[in-house]
Structures are given as structure tokens and as C-alpha cells.
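1. return a 3D structure for these sequence lines:
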Amino acid sequence: MTRLPATRYRLAIFDFDGTLADSLPWFRSSFDDMVARFNLTPVPAEEMEGLRGLSAREIMARLNVSKWQLPDIVSDMRKRKLAAASEISLFNDIPAMLTELQHLGIKVAIVSSDSEASVRKVLGAATTLITRFDCGAAMFGKHWKFRRVARRLSVTPSETICIGDEIRDIEAAQAAGMDSGAVAWGYALPAALQAAGPTHFFNSIEEMTQRLAAAK
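-> Residues are numbered from 1 along each chain as shown. From the prediction side, this is the model:
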């Protein structure tokens, strides 16, 4: 990958599942079991794709997830995800992209609802390219972790971009006073992400690298 010029961003905070890791197939294979285990409202196969156009709160309402159930569901999914980590891989070109951001002087952090152990296992050798991890985020608590990561790395919100594949990632970045980036290859449908108003929308990993490098 060609060396790119300096950028105004000093920190890029990434979501993990669906953004750096190709975990959507695993999630789809685990979905029906999760619904049955927690006695949620089943979703017919023909409606599954439609869930990708909804926000996290809308999905919870569709499945009839109560607030008191949510922590148990998240905890259960973390445990099962860790057990299946060897079956999940990074998207192609992610290690090269992370390496290029390092060359640009952009620190990279990962803020995820997943466990740090699971994230590290999937990253493998690419773990060395990550400056900071802040995992185990609450479903709607990422903005607090965004702020904490930036503060601990001595980076201002205006110099930070938060990149993810769900509407809640965009909302969390906005709540933290940071720029947001949405990727087209993850969980949420591109149209739903664009409607949420991210600062940047990336159609490919190559485009993301180039636009982060060119940001002024």
C-alpha cells in the first residue's frame, strides 16, 4: 500500500464485529438459538434482512427484549463469541489498513461490546497494531468509552474519528462530540447508516484508508 500524507486525525476508534471482523455469518448462525434461549419473539427467515435496516432499539422492540434481559443476552453472546473466535477472521486488507494508519501517525483503538479476549484472538498478529483496547461496552454506553480512550491517549475529540457498522456507533460518536465513520460491509444496511448522518461513509477498506489520510 502506498505511503499517504499526514492527516488531521490523530486517533481512529474502531468497532470490531462487522467493522474489522467478518462476524456477520457467525451472528446469523447463532441468532435463532439466542432467540429460543431467551424466549424472544422469533423472526421469520424472510424478515431477517430487514432487521439490518433498524436501529438497535428498534431491533430490541421487534424481538421483545426487555431492559432487564439485555445484560444477560450480551454476556451470553460474549461467551459464545469467544468460544467461536477461531471460526472468525478479519476482513481482507484490515491488517494492511491498520499498518498504514500507523505509518500516518494515527493511533488505533478498539471499543467493542465484545470481550477483549475474543477481540485479541481474532486479531492475532494484528494485535500489535492496536494502541488501546476498551472492550465490554454496554449496548448504549460506547460514548463514555470513546471519551475515556481519547483522554487517556491525550487526543481531543476534534482529532478523533469513531468508525463502526451500526447506527448506535454513529450515535455514540455524536454524543462524544467526535466525527463518525460508517462502513458499508457490516451489520447495518448502507441506506440505514447513511440516513443516520455519519461524518464519513466508506464503501471499501481502500476508500476508508485514502479518505482518512486526506482528511484536513
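2. please make it C-alpha for all contacts and neighbour counts, starting now.
-> Will do.
3. how much space between the most far-flung residue of the chain relative to its centre and residue 212?
-> Within the chain, residue 39 marks the point farthest from the mean C-alpha position, 26.6 Å out by C-alpha atoms, centre = their mean. Per C-alpha to C-alpha, to the nearest Å, residue 39 is found 43 Å from residue 212.
4. repeat for residue 102
-> For residue 102, the distance to residue 212 equals 12 Å [C-alpha to C-alpha].
5. with residue 186 instead?
-> Distance of residue 186 to residue 212, given as C-alpha to C-alpha: 19 Å.
6. show me this structure divided up by domain.
-> What the record gives for the chain is the domain set 11-22+89-214, 24-86, from automatic domain parsing.
7. quick one: the strands in the protein?
-> In the chain, the segments counted as strands under DSSP state E are 11-14, 107-112, 132-135, 160-164, 179-183, 200-202.
8. where does the chain have low pLDDT?
-> Within the chain, the ranges that satisfy pLDDT under 70 run 1-7.
9. residue ranges for the helices of it, please.
-> Secondary structure of the chain by DSSP state H: the helices cover 24-37, 48-51, 56-63, 70-83, 94-103, 116-123, 142-152, 167-175, 190-195, 205-214.
10. show me what the shortest one is in contact with.
-> In other words, helix 48-51. residue 59 (C-alpha atoms under 8 Å, 6 or more residues apart in numbering).
11. list the buried residues of it.
-> Neighbour counts using 16 or more other C-alpha atoms under 10 Å place residue 51 of helix 48-51 among the buried residues.
12. please apply the same query to the last one.
-> Neighbour counts using 16+ other C-alpha under 10 Å place 205, 208, 209, 210, 212, 213 of helix 205-214 among the buried residues.
13. could you do stretch 123-143 as well?
-> Result for stretch 123-143 [16+ other C-alpha under 10 Å]: buried residues 123, 126-127, 129-138, 142-143.
14. so which of those is the closest to residue 107?
-> Nearest to residue 107 out of the buried residues of stretch 123-143 is residue 131 (C-alpha to C-alpha; 6.1 Å).
15. which residues touch the closest one?
-> Neighbour list for residue 131: 107, 108, 109 [criterion: C-alpha under 8 Å, 6+ apart].
16. just to revisit the earlier point, most packed of the domains of the chain?
-> domain 11-22+89-214 (a mean of 19; mean count of other C-alpha atoms under 10 Å).
17. starting at the chain centroid, how far to that one?
-> Remark: domain 11-22+89-214 is offset 6 Å from the chain centroid, using C-alpha atoms, centre = their mean, to the nearest Å.
18. how about stretch 20-35?
-> How far stretch 20-35 lies from its chain's middle: 14 Å, per C-alpha atoms, centre = their mean.
19. picking up where we left off before, same list, the contacts of residue 131, but as CSV with distance to residue 162 please.
-> Output for the contacts of residue 131, formatted as CSV (distance: C-alpha to C-alpha, whole Å):
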residue, distance to residue 162
107, 12
108, 10
109, 9
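20. out of those residues, who's nearest residue 31?
-> Within the contacts of residue 131, the smallest distance to residue 31 is 27.9 Å, found for residue 109 (C-alpha to C-alpha).
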